[in-house]
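Peer 1: model the structure of this input:
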Amino acid sequence: MYEKKATITKEVGLHARPATFLIQRANGFASSIWIEKDERRVNAKSLLGVLSLGVSQDSTISIIADGSDEVEAVDALCKLIESDFTE
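Peer 2: Sure thing, here's the model as predicted:
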């Protein structure tokens, strides 16, 4: 299991469009991936789950993965967040 924290800097937070980019990237990995905010954990490959977290600007989330490509998955998702979803 591999985990890393990331801060959402996008003005609109993690709403539909950036969440879709995140989910598409997450679905490219074999590992199970979760996003955790305020002790609530959801599947990072589920749009409804990600949106249900209500992640706003300047929120810090944890990205957690477990599987054969867990490090690559978490690092890629953190890089996407750091790029403000423009990557």
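
Peer 1: quick one: low-confidence parts of this protein?
Peer 2: 87 (pLDDT under 70).

Peer 1: tell me which residue of it is positioned farthest from its centroid.
Peer 2: S68 (17.9 Å; Cα atoms, centre = their mean).

Peer 1: and that one, what is it in contact with?
Peer 2: By Cβ atoms under 8 Å, 6 or more residues apart in numbering, S68 lies in contact with A30, S31. For every residue, glycine as well, the C-beta is placed using N, CA and C.

Peer 1: now do it against A30, distance only.
Peer 2: 6 Å (Cβ to Cβ, to the nearest Å).

Peer 1: ok, E36 next?
Peer 2: If you go by Cβ to Cβ, the gap between E36 and A30 works out to 20 Å.

Peer 1: is it true that K5 touches S62?
Peer 2: Yes. Between K5 and S62 there is a contact at 5.4 Å, judged by Cβ atoms under 8 Å.

Peer 1: ok, those two, which is more surrounded?
Peer 2: It is S62, of K5 and S62, that has more neighbours when counted by other Cβ atoms under 10 Å, with 15 against 10.
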